[in-house]
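Asks: Requesting a structural model of the entry that follows:
(chains A and B)
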Number of protein chains: 2
Amino acid sequence: MQRIDGGICAVAGVRAAGVRQGKYGLTLIEASGAAAGMFTTNKVRAAPLDITAEHLAGGHLDGVIANSGCANAYTGPRGREDALAMTQLLAGFLKTDEKKIAVASTGVIGRYMDMEIIARLFDEAKTHLRSDGEASLEAERAIMTTDTRTKEVAIEHRGMRVAGIVKGSGMIEPNMATMLCFLYTDADFPAQVLQDSLKDAVKESFNMLTVDGDTSTNDTVLLTATGKAKGIVEDFREALRFVCVDLARQMARDGEGASKYFETVVTGARSELDARLAAKAVARSSLVKTAVYGADPNWGRIICAVGYSGAEMDPEKITLGLEGESPAGSSLKVSLVEKGHIVDGVLDQAREIMRGDSIIINIDLGLGNAGARGFGCDLTHEYVNVNANYTT
Amino acid sequence: MQRIDGGICAVAGVRAAGVRQGKYGLTLIEASGAAAGMFTTNKVRAAPLDITAEHLAGGHLDGVIANSGCANAYTGPRGREDALAMTQLLAGFLKTDEKKIAVASTGVIGRYMDMEIIARLFDEAKTHLRSDGEASLEAERAIMTTDTRTKEVAIEHRGMRVAGIVKGSGMIEPNMATMLCFLYTDADFPAQVLQDSLKDAVKESFNMLTVDGDTSTNDTVLLTATGKAKGIVEDFREALRFVCVDLARQMARDGEGASKYFETVVTGARSELDARLAAKAVARSSLVKTAVYGADPNWGRIICAVGYSGAEMDPEKITLGLEGESPAGSSLKVSLVEKGHIVDGVLDQAREIMRGDSIIINIDLGLGNAGARGFGCDLTHEYVNVNANYTT
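Replies: Numbering: from 1, shown residues only, chains lettered A, B, ... in the order given. This next block holds a predicted model:
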């Protein structure tokens, strides 16, 4: 698994561009091949997701058009028309069928798209389409909302490349900033293999990420395979999982208002579902998140979150510890609870770990062999700032 | 339903006292009669809850001893011994069996009780036991942690009195400050009737309250009936429900760091479960809570929370509105969405309602006849302050 430069443009056959005007931004990505996608589970699903899901039924995409500034959610028939019109814009330029174009949107819910701005941005962006690292970054920047940094990864693994860009902070439980993720590979697999691999990778990455427990109306993950490289499916799945977990970590680090990142590593669960429930409950707990912010080794809140997670657990069997880095960069590790017994005299060490900006919470339930990993960030004053005045 | 003064001491047969020393506080309540209780659903349950549940099996209580400063949770066999010792202290003084005494605790998890402080506070408190309004307030103050105000209610209804005091911010989904609620009535009903009535009242009050989605290890609601008044069970249930809803509202207003209070009123749901899911999801959403804090009429976040709540819903059938008060005290009401259609030109009015400190969010799902009411508060900078440095 080797990291490479170039973002999504590191994958042969991918061209990208992005432009902004005020709160609006427009991203174009050209890439032809078998394609798969996953969408929000929210029952209120934005118009572009419906259009893209319909177009993906053909199992092939030639490009993606995505905007920030307006979610085009809860906009009725007019929202559908606008989303469709966006696919027609890109299809016309690429001389293909609109049914081979995906569309995605992020921004405020319940407002109609300003199609004049979209048309103007499109005319500008189409002249910038190209295949270099800066184009990948431009495409990311154009769909950023409350994101504070670009988030991309590209790797090469056993002859295949997999790359992705993402904006936002989660899937299943993202903040309203919406997660949009566009993944590309030069591997050559049919749409069904892509869909299965994507489902598997999303389950272990974006679905284990939580910023504030809200699920957006617009979350979209798309994967297109340009088919220019050969490889075996197991290697591809491994590479895709690596890319998705890497992007999930980047999103947690860039969670709204986040100053710190943490992972919850659950082992010894009776079932995988139990492990996932426990890992997510701890990552989602407002009290754990504020404790991380305050560098407060309040491990009782961790045990408490496991207790209400729904996972099978026995307080007498839990082993709990923290891992992190000292300001000087040396790795630190401390055990706080051993099979239900509180370890004495370790709170100072725990506090030092909690002062770091990257913390691992290890929870061994002591009941079985299943495990899971959750990705989270702290809850800060800045989170409240960002979200108290979003539409104004 | 007539409000009366005196807190729990308004109920014949109730005496109370409370004293504090630093972070520790101790409350004593003497009241003999049939009794019922409900406890946290967290699998990590504090020692005093186990002791109290065992003692409640007899269906009768003579008194309650409760402390702040230490939750006595996750403290193993020693925690059980300490909780039992607390019941013995009060039983000795009241010359009754320890099995007729309930015990409750709130504070930091994973620390042992300081039984020397408890003994000292007990010796002081027992001399203060008396039956007046100030005693009820003292009992409340002694178990407050992050609470900023005392919370009590007493009513008289068709010949019966029902009263309660509460500390904390929720049940099922309270913050770690823990909810402890002690309810008293002079009505004369057996323990099973009390238990059924309590379950019903808690479901519509404390279980619809959410501050930050965390479920404490120590939540306790106890009801004792001194049996000195006669009345019919329907009237009693109505009175108990009124008292519990009133206390739930008081808790939401005093949620950690809260500056504003809001209620979510869901109607038109296909089932009661759907209504409850939708009402709670909106009340719990960090994005709705921060929008309330920022007076931002971002109603898309409300629809979005209904969408992921798990409730059956159709975006095209929802009607959504806000109710509140102007600074001058006149009542305001605005409709934002009518059966899926966005109402134009009402955002200024919505913003004015959102500026108030008490907001009602009306959500008609348009699918059936079931309804539910949720109680919440905003998510503020002060919430982060309170929780980032709790143990230090």
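Asks: Pull the residues that contact the helix or strand containing residue A:382.
Replies: Using DSSP states H and E, residue A:382 falls within helix A:381-388. Helix A:381-388 is touched from outside by A:146, A:175-176, A:212, A:255-259, B:286-287, B:290-291, B:293-294, B:296, B:379-381, B:383-385, with contacts defined as Cβ atoms under 8 Å, 6 or more residues apart in numbering or on different chains. No exception for glycine: its C-beta is placed from N, CA and C like everyone else's.
Asks: Tell me the gap between that helix and the middle of its chain.
Replies: Chain-centre distance of helix A:381-388: 20 Å, with Cα atoms, centre = their mean, to the nearest Å.
Asks: That helix: which residues count as buried?
Replies: Residues of helix A:381-388 classed as buried by neighbour count (16 or more other Cβ atoms under 10 Å in any protein chain shown): A:381, A:382, A:383, A:384, A:386, A:387, A:388.
Asks: Against residue B:136, how distant is the third one?
Replies: In this structure, residue A:383 and residue B:136 are separated by 38 Å, where distance is defined by Cβ to Cβ, to the nearest Å.
Asks: cool, and residue A:62?
Replies: 73 Å.
Asks: Looking only at neighbour counts, state which of these two leads.
Replies: residue B:136 (32 against 22; other Cβ atoms under 10 Å in any protein chain shown).
Asks: what sits against the more buried one?
Replies: Counting by Cβ under 8 Å, 6+ apart, residue B:136 has contacts B:6, B:7, B:8, B:9, B:10, B:16, B:152, B:163, B:165.
Asks: Same check on residue A:297?
Replies: Shown in contact with residue A:297 (Cβ under 8 Å, 6+ apart): A:291, A:322, A:336, A:347, A:350, A:351, A:353, A:354, B:391.
Asks: Which of those residues fall within strands?
Replies: Members of the contacts of residue A:297 lying in strands (criterion: DSSP state E): A:322, A:336.
Asks: which among the contacts of residue B:136 end up buried?
Replies: For the contacts of residue B:136, buried by 16+ other Cβ under 10 Å: B:6, B:7, B:8, B:9, B:10, B:16, B:152, B:163, B:165.
Asks: so how many other residues sit close to the residue of the stretch 1-150 of chain A found nearest chain B?
Replies: Per Cβ to the nearest Cβ, residue A:109 is where the stretch 1-150 of chain A lies closest to chain B, at 2.6 Å. A count of nearby residues for residue A:109, using other Cβ under 10 Å, gives 26.
Asks: what do you get for the one 10 residues further on?
Replies: Summarising burial for residue A:119: neighbours were counted as other Cβ under 10 Å, giving 13.
Asks: Look up the pLDDT of it for me, please.
Replies: Residue A:119 carries a pLDDT score of 98 in this model.
Asks: Helix or strand: which one has it?
Replies: Going by DSSP H and E, residue A:119 is in helix A:115-125.
Asks: what's that helix in contact with?
Replies: By Cβ under 8 Å, 6+ apart, the list of residues contacting helix A:115-125 reads A:17-21, A:24-28, A:65, A:67, A:69, A:82, A:85-86, A:89-90, A:93, A:142.
Asks: run the last query once more with 10 Å
Replies: A:16-28, A:65, A:67, A:69-70, A:78, A:81-82, A:85-86, A:89-90, A:92-93, A:105, A:114, A:138-139, A:142 (Cβ atoms under 10 Å, 6 or more residues apart in numbering or on different chains).
Asks: which among those residues end up buried?
Replies: Buried among the contacts of helix A:115-125 (16+ other Cβ under 10 Å): A:16-20, A:24-28, A:65, A:67, A:69-70, A:82, A:85-86, A:89-90, A:93, A:105, A:114, A:138-139, A:142.
Asks: Which of these fall in helices?
Replies: A:82, A:85, A:86, A:89, A:90, A:93, A:138, A:139, A:142 (DSSP state H).
Asks: So the fourth one is in contact with residue A:28, correct?
Replies: Yes: with contact taken as Cβ atoms under 10 Å, residue A:89 and residue A:28 are classed as touching, separated by 9.2 Å.
Asks: Could you tell me which residues touch both of these two?
Replies: A:65, A:101, A:122, A:125, A:126.
Asks: Quick check: the farthest pair among the residues you listed?
Replies: The largest distance within the shared contacts of residue A:89 and residue A:28, taken as Cβ to Cβ, falls between A:101 and A:125 and amounts to 14.0 Å.
Asks: Which element is encountered next along the chain beyond the lengthiest strand in chain A?
Replies: In chain A, assigned by DSSP E, the strand with the most residues is strand A:24-39. Downstream of strand A:24-39, the next assigned helix or strand under DSSP H and E is helix A:47-56.
Asks: I'd like the average pLDDT over that following helix.
Replies: pLDDT averaged over helix A:47-56 gives 96.
Asks: ok, now which ones touch residue A:10?
Replies: Here residue A:10 is in contact with A:3-4, A:131-133, A:136, A:152-156, A:161-163, A:184, A:186 (criterion: Cβ under 10 Å, 6+ apart).
Asks: which non-adjacent residue is nearest it?
Replies: residue A:154 (4.1 Å; Cβ to Cβ, 6 or more residues apart in numbering or on different chains).
Asks: Could you verify my assumption that that neighbour touches residue A:12?
Replies: No: contact criterion Cβ under 10 Å: residue A:154 and residue A:12 do not qualify, at 11.8 Å.
Asks: Pull up the overlap in contacts between the two.
Replies: In contact with both residue A:154 and residue A:12: A:161, A:184, using Cβ under 10 Å, 6+ apart.
Asks: Next one: residue A:126, what pLDDT does it get?
Replies: 97.
Asks: make that residue A:207, sorry
Replies: On the pLDDT scale, residue A:207 gets 87.
Asks: For residue A:363, see how far away it is.
Replies: 19 Å.
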